[in-house]
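# no FASTA, just this:
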């Protein structure tokens, strides 16, 4: 909810059928048809629940909800609160949660690892280990059912609309706990993030300001820096083409002309209309000296959304019993290979609601049949030595920051909007080496926010690249000129095994060691002239998941 996201909604059966058809057309045949059906059927009721909670959506003069249109949609079906819908939904939900007597907030707490154990041969989740960032201490929070709602992993890339904390924490924790991951290669790049010299360089926090898709939906045009509209050359839907098409078109124009950005212009619309629909965009652009009622907006693509994530069923369940996931951290199958604009918030609402009943049922089951494992989870909560909280020292902090930037720039170079097989293989080899380095420090140093986030980033980055290499075709958000066409049958990519089982890591592990010296960890890498034996990658086949309701 950190973006200006809107919310797909229309109660008429005709438009629900159109939305369902649109979802399957844009994402299909990679989308899970049952997930699409569930969201289209149950979504309107979830939107009305938000209204009852007090979400103040933009309305028409007659009091009905105002509907706008975004790229890829065939009709006006997008509920919004001016141009900050996500912020308004977050406000309403937080107010309702704070008012509930049984909900307790623990702010400035970072989940580090899920607590898992086997019951009758199956993995079960019994809570999470947490770093209290204010007191710099570790605690274990036991839970009979655990819901991951941790968002995405935008910080894997140097340019993203996501906040600094979007480091794939839930995805990485779930993967380390043994959960199956799916469709991680489908990374959505929003075509129109606000360009600035700082954002072009990745910025201090690597976050760019999002220019909502609704600007194009309300009639905005895209121009290159020569003043020519260019979408005629790429898609018959012009500026209303899906995000992957528009993002690739913008990048192509930037590469063709050597330009750092293109222009998005809505100044031909009445000023009152523009300012009424996009007050926050107007205010933010004015800080850069841009009057959007008169001037075009400089824009460039930026990472925006992860369509893949922790593989879930239609009730938010994962392959780990007692662990549920919803929202961007999850891969429900709704988005397929390419998320249709404004469906992410709707997905989160629908699958959170559907997960509520099963999570209660599992909690009752665990309280009856998992007493031994729960007791062990409580008794084994020992946080000493490298499992204790420990702030980073200067040299190690510098190494962590440099490694984070190295991973992010590697991902943009090798696994961005357009991917080449050779570059993906280079990224995979470098990420395998980075994983060994980061894990060595992670295991020996102690727990702190920066190191946990780095471990999560390198884990998620490796999953994205490995899923991309599984997919020997181009589909949706994954475009590889080495395999330019889509395969006849669409199946999700799945990774259900550990990094250790997928690589021969001994080749890299033997060439580095970790020592402790004067209170900080020094990573001793081999000399630059030494020839390293590359990690051996074990090929994985793409396989499909069962569609269970």
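Perfect, I can see it now. Just so it is clear, the model here is predicted, and its values are computed rather than measured.

# where do the helices sit along the stretch 201-350 of the chain?
Assigned by DSSP state H, counting those that start in this stretch, the stretch 201-350 of the chain shows helices spanning 214-217, 243-257, 271-277, 279-286, 344-369.

# can these go into a markdown table with extra columns for distance to residue 97?
From N, CA and C alone the C-beta is placed, and that goes for glycine too. Listed next are those as a markdown table, based on distance: least, CB to CB, whole Å:
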| stretch | distance to residue 97 |
| --- | --- |
| helix 214-217 | 28 |
| helix 243-257 | 31 |
| helix 271-277 | 30 |
| helix 279-286 | 24 |
| helix 344-369 | 12 |
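
# nearest to residue 40 among these would be which one?
helix 344-369 (9.2 Å; CB to CB).

# helices or strands up against the closest one?
Applying 3 or more CB pairs under 8 Å, 6 or more residues apart in numbering; DSSP states H and E, one finds that helix 344-369 makes contact with strand 7-8, helix 33-53, helix 85-98, strand 146-148, strand 323-325.

# what is the distance between that helix and the centre of its chain?
Computed by CA atoms, centre = their mean, to the nearest Å, the chain-centroid distance of helix 344-369 equals 21 Å.

# which parts of the next helix-or-strand element following that helix are buried?
Next along the chain after helix 344-369, taking DSSP states H and E as the criterion, comes helix 371-379. In terms of neighbour count (16 or more other CB atoms under 10 Å), helix 371-379 has its buried residues at 373, 374, 377.

# got any ranges where the stretch 151-300 of the chain has weak pLDDT?
Applying pLDDT under 70 to the stretch 151-300 of the chain flags the ranges 199-206.

# show me the strands in it, by range?
Taking DSSP state E, counting those that start in this stretch, the strands of the stretch 151-300 of the chain run over residues 181-182, 187-194, 221-223, 262-265, 297-306.

# distance to residue 118 and mean neighbour count added to these, as a markdown table?
Below are the strands of the stretch 151-300 of the chain laid out as a markdown table (distance: least, CB to CB, whole Å; neighbours: other CB atoms under 10 Å):
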| stretch | distance to residue 118 | mean neighbour count |
| --- | --- | --- |
| strand 181-182 | 20 | 26 |
| strand 187-194 | 33 | 26 |
| strand 221-223 | 54 | 19 |
| strand 262-265 | 53 | 22 |
| strand 297-306 | 29 | 26 |
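
# which one of those strands lies closest to residue 49?
Nearest to residue 49, of all the strands of the stretch 151-300 of the chain, is strand 297-306, at 23.2 Å by CB to CB.

# how far away from the center of its chain is that closest one?
Worked out by CA atoms, centre = their mean, strand 297-306 lies 14 Å from the chain centre.

# for that strand, name the packing helices and strands.
strand 187-194, helix 197-200, helix 243-257, strand 262-265.

# of all those, which one is nearest residue 398?
Using CB to CB, the helices and strands packed on strand 297-306 put helix 197-200 closest to residue 398, at 21.4 Å.

# what about the closest residue to residue 149 other than its chain neighbours, how many residues nearby?
Leaving out its chain neighbours, the residue that sits closest to residue 149 by CB to CB, 6 or more residues apart in numbering is residue 327, at 5.1 Å. Number of residues near residue 327 (other CB atoms under 10 Å) recorded here: 23.

# also residue 473?
Residue 473: 17 neighbours (other CB under 10 Å).

# hmm, it is touching residue 481, no?
No - counting by CB atoms under 8 Å, residue 473 sits too far from residue 481 to count as a contact (11.6 Å).

# contact partners for the residue nearest to residue 149?
The neighbours of residue 327, taking CB atoms under 8 Å, 6 or more residues apart in numbering as the test, are 149, 150, 151, 344, 347, 348, 351, 352.

# go again using 7 Å as the cut-off
149, 151, 348 (CB atoms under 7 Å, 6 or more residues apart in numbering).

# check whether residue 314 really touches residue 34, as I assumed.
Yes - taking CB atoms under 7 Å as the definition, residue 314 is a contact partner of residue 34 at 6.0 Å.

# and the two? which has more neighbours close in?
Between residue 314 and residue 34, residue 314 has the larger neighbour count (other CB under 10 Å), namely 22 against 16.

# okay, that one: pLDDT?
Per-residue confidence at residue 314 stands at 95 (pLDDT).

# again with residue 423
Residue 423 is assigned 97 on the pLDDT scale.

# helix, strand or coil for it?
helix (DSSP: H, G, I helix; E, B strand; the rest coil).

# need the contact list for it.
Per CB under 7 Å, 6+ apart, neighbours of residue 423: 413, 414.

# give me the distance between the two termini of stretch 255-266.
24 Å (CA to CA, to the nearest Å).

# who touches it?
Under the contact criterion CB under 7 Å, 6+ apart, stretch 255-266 has outside partners 192, 195, 200, 211, 215, 218-226, 250, 253-254, 274, 292, 296-300.

# returning to what we had before: what would the helices and strands packed on strand 297-306 look like in CSV with distance to residue 143?
Compiled in CSV, the helices and strands packed on strand 297-306 are given as follows (distance: least, CB to CB, whole Å):
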stretch, distance to residue 143
strand 187-194, 30
helix 197-200, 39
helix 243-257, 36
strand 262-265, 45
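
# wait, which of those is closest to residue 468?
Nearest to residue 468 among those is strand 187-194 (8.8 Å), distances taken as CB to CB.

# re the thing from before, okay, the buried residues of helix 371-379 in JSON lines with pLDDT and distance to residue 499 next?
Converted to JSON lines, these look like this (pLDDT from 0 to 100; distance: CB to CB, whole Å):
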{"residue": "373", "pLDDT": "96", "distance to residue 499": "26"}
{"residue": "374", "pLDDT": "96", "distance to residue 499": "29"}
{"residue": "377", "pLDDT": "96", "distance to residue 499": "25"}
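
# tell me the pLDDT of the closest residue to residue 421 other than its chain neighbours.
In this structure, residue 421 finds its nearest non-sequential neighbour in residue 482, 4.5 Å apart by CB to CB, 6+ apart. Confidence at residue 482, expressed as pLDDT, is 96.

# hmm, back to that, among the helices and strands packed on strand 297-306, which comes closest to residue 168?
Using CB to CB, the nearest of those to residue 168 is strand 187-194, at 11.2 Å.

# what packs against the closest one?
Secondary-structure packing of strand 187-194 (3 or more CB pairs under 7 Å, 6 or more residues apart in numbering; DSSP states H and E): helix 243-257, strand 297-306.

# ok, back up a step: next one: phi and psi at the residue nearest to residue 421?
Backbone torsions for residue 482, taken as degrees, to the nearest 10, come to phi -70, psi -20.

# how near is it to residue 464?
Counting by CB to CB, to the nearest Å, the gap from residue 482 to residue 464 is 17 Å.

# same question for residue 431.
As judged by CB to CB, residue 431 and residue 464 stand 9 Å apart.

# can you get me a residue count around residue 445?
Residues lying near residue 445 (other CB under 10 Å) number 20.

# contacting residues around it?
By CB under 7 Å, 6+ apart, the contact set of residue 445 is 386, 390, 396, 451, 521.

# quick check: the farthest pair among those?
Spanning the widest gap among the contacts of residue 445 are 386 and 396, at 12.9 Å by CB to CB.

# so the two - more neighbours on which side?
residue 396 (22 against 15).

# that one belongs to a helix, doesn't it?
Yes - counting by three-state DSSP, residue 396 is part of a helix.
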